[in-house]
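> Provide a 3D model corresponding to the input given below.
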Amino acid sequence: MEPVKASATVDRRDDGKYSVDVWGEPPHNQRRNYVVDAPSEKDAAFKCIEEFVQEMERAAAEGEKKWQ
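Numbering: from 1, shown residues only. Reported below is the predicted structural model:
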């Protein structure tokens, strides 16, 4: 399986949470938006990128199962 490469932008919301926009590079060229509590922007970005990578890996694994 090809590694998932992703980037993120982080915005602090009025309620103190972070809105994190994550997108991947092909073949994982999806975009997701997450709202999270985190101690910092950096922590919010890492948390959401990790979630995105897990989602893309699950989707790739499910796709591979369909073709086996």
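> which other residues reach the helix or strand that contains D21?
Here D21, judged by DSSP states H and E, is contained in strand 18-24. With contact meaning CB atoms under 8 Å, 6 or more residues apart in numbering, strand 18-24 is reached by 4-13, 29-38, 41, 44-45, 47-49, 51-52, 56. In short, each C-beta sits where N, CA and C put it, glycine included.
> distance from the chain centre to that strand, please.
6 Å (CA atoms, centre = their mean, to the nearest Å).
> in its sheet, what does that strand sit against?
As defined by DSSP bridges, the strand partners of strand 18-24 come to strand 6-12 (antiparallel), strand 31-36 (antiparallel).
> so where is the chain shaky, pLDDT-wise?
1, 64-68 (pLDDT under 70).
> ok, the closest residue to E41 other than its chain neighbours to D37 distance?
Nearest in space to E41, with sequence neighbours left out and distances taken as CB to CB, 6 or more residues apart in numbering, is V10 at 4.5 Å. V10 sits 13 Å away from D37, taking CB to CB, to the nearest Å as the criterion.
> can you check T9 too?
Taking CB to CB, one finds T9 at 18 Å from D37.
> ditto for H28
26 Å.
> out of the two, which sits in the more crowded spot?
Counting neighbours by other CB atoms under 10 Å for H28 and for D37 shows that H28 has the greater number, 19 against 11.
> ok, that one touching M56?
Yes: H28 sits in contact with M56 when judged by CB atoms under 8 Å, with a separation of 4.5 Å.
> this completes my enquiry, with thanks.
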